[in-house]
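>>> Got a predicted structure here, sequence first:
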Amino acid sequence: MGLFSSSTETEKTNFAPAKKERTVCWEKRDLFFDCLTKNNIDNSLDAKELPKVNSECGNEKKEFEASCVNSWIKYFQEKRFNDLTRARYIAKLEAEGAQPIPIKLESSTRKKN
């Protein structure tokens with residue numbers, strides 16, 4: 001592949017997708033993530049989970065990867081895992097009786113005396 005190659009892969013990685021392409025990407029992502037959820041797969045990037053991901057959700061994964069910009073593919077998978085981890089941690093804390101701390105945020109502009 002040359003420096004100025006016009007391959008689909010190069011185009012896929014270097015340009016922001018149009019609205020229609022983003023919509024398709026999100027739809028394929030949601031289908032892939034639904035499959036992961038149905039098969040109790042939390043981290044689709046974990047090498048230990050990869051055989052299960054490929055066997056149970058291989059078609060959905062291929063469609064997701066074919067429809068999205070490369071940088072989004074990893075980002076969406078990492079975000080899903082982090083969101084799941086965070087939600088479970090919050091649920092665990094709440095089950096143990098933890099209460100949210102009321103925090104009052106100060107205005108970004110300070111009063112001058």
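Alright, I've got the coordinates. Residues are numbered from 1 along each chain as shown.
>>> Please spell out which residues along stretch 78-96 are buried.
Neighbour counts over stretch 78-96 (16 or more other C-beta atoms under 10 Å) mark R80, F81 as buried. (C-beta placed from N, C-alpha, C; glycine too.)
>>> Tell me which residue is most central in the chain.
F76 (1.7 Å; C-alpha atoms, centre = their mean).
>>> so how far is V69 from it?
As judged by C-beta to C-beta, to the nearest Å, F76 and V69 stand 10 Å apart.
>>> for the protein, what are the low-confidence residue spans?
Scanning the chain for pLDDT under 70 picks out 1-15, 107-113.
>>> which one's the longest helix in it?
The helix that spans the most residues within the chain, counting by DSSP state H, is helix 70-95.
>>> Return the distance of that helix from the chain's centre.
Put simply, helix 70-95 sits 8 Å off its chain's centre (C-alpha atoms, centre = their mean, to the nearest Å).
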